[in-house]
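Q: Take a look and give me a structure for this.
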Amino acid sequence: MTDFFSHPGEKAWGPTPDGNRRRVLVHTHELMMVEFAFEKGGVGALHSHPHVQASYVAEGRFEVTIDGKSDILEAGSSFIVPSNLMHGVKALEAGRLVDSFAPCRPDFLA
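A: Predicted coordinates for the structure are as follows:
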């Protein structure tokens, strides 16, 4: 069973393989919400996964690339990544993304 609620500061930040930070906020087997923090110039390298991903720009500005198409998104913007499409981000300024994944990403729980 997972926590139903997540409050600021409760969940621990951990490093990502590409040098950024993430913390899992809440999850079930079907859905997961994860917060990512980037310093200016931080990169979420191009990658793909079978999970559907919906992301919300909570803070900052990002260049987001999905399936070879790029756009600049700022706080309040959002994007969606269908299964198995190549995607990545570059932080144009320090910022945070809140990502939801369906189904859950067990690799983030290890």
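
Q: Name the residues that touch the helix or strand encompassing residue 96?
A: Assigned by DSSP states H and E, residue 96 belongs to strand 95-102. Applying C-beta atoms under 8 Å, 6 or more residues apart in numbering, the external contacts of strand 95-102 come out as 25, 30-38, 51-62, 75, 89. C-beta coordinates here come from the backbone N, C-alpha and C atoms, glycine included.

Q: Buried subset of those residues as a PyMOL selection?
A: Buried residues within these, by 16 or more other C-beta atoms under 10 Å, are selected in PyMOL with:
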select buried, resi 25+31+32+33+34+35+36+37+38+51+52+53+55+56+57+60+61+62+89
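
Q: Filter the contacts of strand 95-102 down to just the ones in strands.
A: The strands, defined by DSSP state E, take in 25, 32-38, 52-59, 61-62, 89 from the contacts of strand 95-102.

Q: Next, the contact list for residue 55, please.
A: By C-beta under 8 Å, 6+ apart, residue 55 lies in contact with 64, 78-81, 97-100.

Q: re the thing from before, need the CA coordinates for the strand holding residue 96. CSV is fine.
A: Extracted C-alpha coordinates of strand 95-102, given in CSV (Å, rounded to 0.1, in the frame of the first residue of the first chain):
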residue,chain,number,x,y,z
GLY,A,95,13.1,24.6,-12.4
ARG,A,96,10.9,21.7,-11.5
LEU,A,97,8.8,19.3,-13.4
VAL,A,98,6.0,17.2,-11.9
ASP,A,99,5.6,14.0,-14.0
SER,A,100,2.9,11.4,-13.9
PHE,A,101,3.6,7.9,-15.3
ALA,A,102,1.1,5.2,-16.1
